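**Q** I'd like to go over a predicted model; first the sequence, then the structure.
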Number of protein chains: 2
Amino acid sequence: MVQYIKMRLDASFAALSDATRRGVLEQLGRTDASITELAEKFHMTLTGMKKHIGILEQAGLVTTKKVGRVRTCKLGLRGLEEEAAWIERHRRLWDARFDDLDKVVEELQRKEKADERKKRE
Amino acid sequence: MVQYIKMRLDASFAALSDATRRGVLEQLGRTDASITELAEKFHMTLTGMKKHIGILEQAGLVTTKKVGRVRTCKLGLRGLEEEAAWIERHRRLWDARFDDLDKVVEELQRKEKADERKKRE
């Protein structure tokens, strides 16, 4: 199970690591679209767009359906919950680390001021 | 500016697309560590870990500092805010799309029931 989630996170973060693919997800968030429409919108060749859609599809973020000669793309059933949860957990750790750092800096500043006072006295 | 954020998202999502690199971030969220310590912890060669750290460093998620012969890694100053914001925006679009879909399904079910009633009458 853990291994499965790891592989899913690998695939979805890799899918998100390209501005065109993120743009496609935003577009499909507004309305379904054919691969041809998406290729035009993002000024790409059909082959290039098919490759991007394949990566999004493998990550479960997009599903496609061919009716006649047109392949229509829509958002997949996965909604990036696991990705959001991972990032949220990391942000909490990160905040805690930098809160600690803030405390260290404050402590150093307090000591510095105390030393200055001592020198003046 | 927009282009810059795009490139930063490309780099950080790519950095997050590997389970070892996510593990390193979680580890550094708890405490700073040398590359040697990280390599041991994740059962990797030094070369392999250096490569992962390089990718995390380029994405601004990790910083390193060499003192003597030891290179220590710590969390970078970036805290994944932009990544969290992108995912959150996408999740909202996604929810809206699937709410719409729910409404369509409900509408179809209502019509179906009405048709059945008519047939029975």
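**A** Great, that's in hand.

**Q** what residues does chain A have near chain B?
**A** Taking C-beta under 8 Å from any C-beta of the partner chain as the measure of proximity, chain A contacts chain B at A:6-7, A:9-11, A:13-14, A:16-19, A:22, A:25-26, A:29-30, A:75, A:79-81, A:83-84, A:86-91, A:93-98. Yep, even glycine has a C-beta here, placed from its N, CA and C like the rest.

**Q** helices of chain A, start to end?
**A** A:2-16, A:19-30, A:35-41, A:46-58, A:81-120 (DSSP state H).

**Q** can you lay out those as CSV showing mean pLDDT?
**A** Shown next, in CSV, are those (pLDDT from 0 to 100):
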stretch, mean pLDDT
helix A:2-16, 92
helix A:19-30, 95
helix A:35-41, 97
helix A:46-58, 97
helix A:81-120, 84
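
**Q** ranking these by burial, who's on top?
**A** Greatest average neighbour count among these goes to helix A:19-30 (a mean of 19), per mean count of other C-beta atoms under 10 Å in any protein chain shown.

**Q** and that helix, how far out from the chain middle?
**A** 12 Å (C-alpha atoms, centre = their mean, to the nearest Å).

**Q** may I have it exported as PDB, CA atoms only?
**A** C-alpha atoms of helix A:19-30 as PDB (Å, rounded to 0.1, in the frame of the first residue of the first chain):
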ATOM      1  CA  ALA A  19       4.000  23.900 -17.500                       C
ATOM      2  CA  THR A  20       2.100  22.600 -20.500                       C
ATOM      3  CA  ARG A  21       0.700  19.600 -18.600                       C
ATOM      4  CA  ARG A  22      -0.300  21.900 -15.700                       C
ATOM      5  CA  GLY A  23      -2.000  24.200 -18.300                       C
ATOM      6  CA  VAL A  24      -3.900  21.200 -19.700                       C
ATOM      7  CA  LEU A  25      -5.100  20.200 -16.200                       C
ATOM      8  CA  GLU A  26      -6.300  23.800 -15.700                       C
ATOM      9  CA  GLN A  27      -8.000  23.800 -19.100                       C
ATOM     10  CA  LEU A  28      -9.800  20.500 -18.400                       C
ATOM     11  CA  GLY A  29     -10.800  21.900 -15.000                       C
ATOM     12  CA  ARG A  30     -12.900  24.400 -17.000                       C
END
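
**Q** give me the angle between that helix and helix B:2-16.
**A** 100 degrees (axes from the mean of the first three to the mean of the last three C-alpha atoms, to 10 degrees).

**Q** what angle separates helix A:19-30 from helix A:46-58?
**A** Using the same axes, to 10 degrees, helix A:19-30 lies at 70 degrees relative to helix A:46-58.

**Q** list of residues touching helix A:19-30?
**A** A:15-16, A:33, A:38, A:41-42, A:44, A:49, A:52-53, A:55-56, A:61-62, A:73-75, B:6-7, B:9-10, B:86, B:89-90, B:93-94, B:96-97 (C-beta atoms under 8 Å, 6 or more residues apart in numbering or on different chains).

**Q** same question, stretch A:71-80
**A** So stretch A:71-80 is contacted by A:12, A:24-25, A:28-29, A:32-35, A:38, A:53, A:56-57, A:59-66, B:87, B:90-91, B:93-95, B:97-98 (C-beta under 8 Å, 6+ apart).
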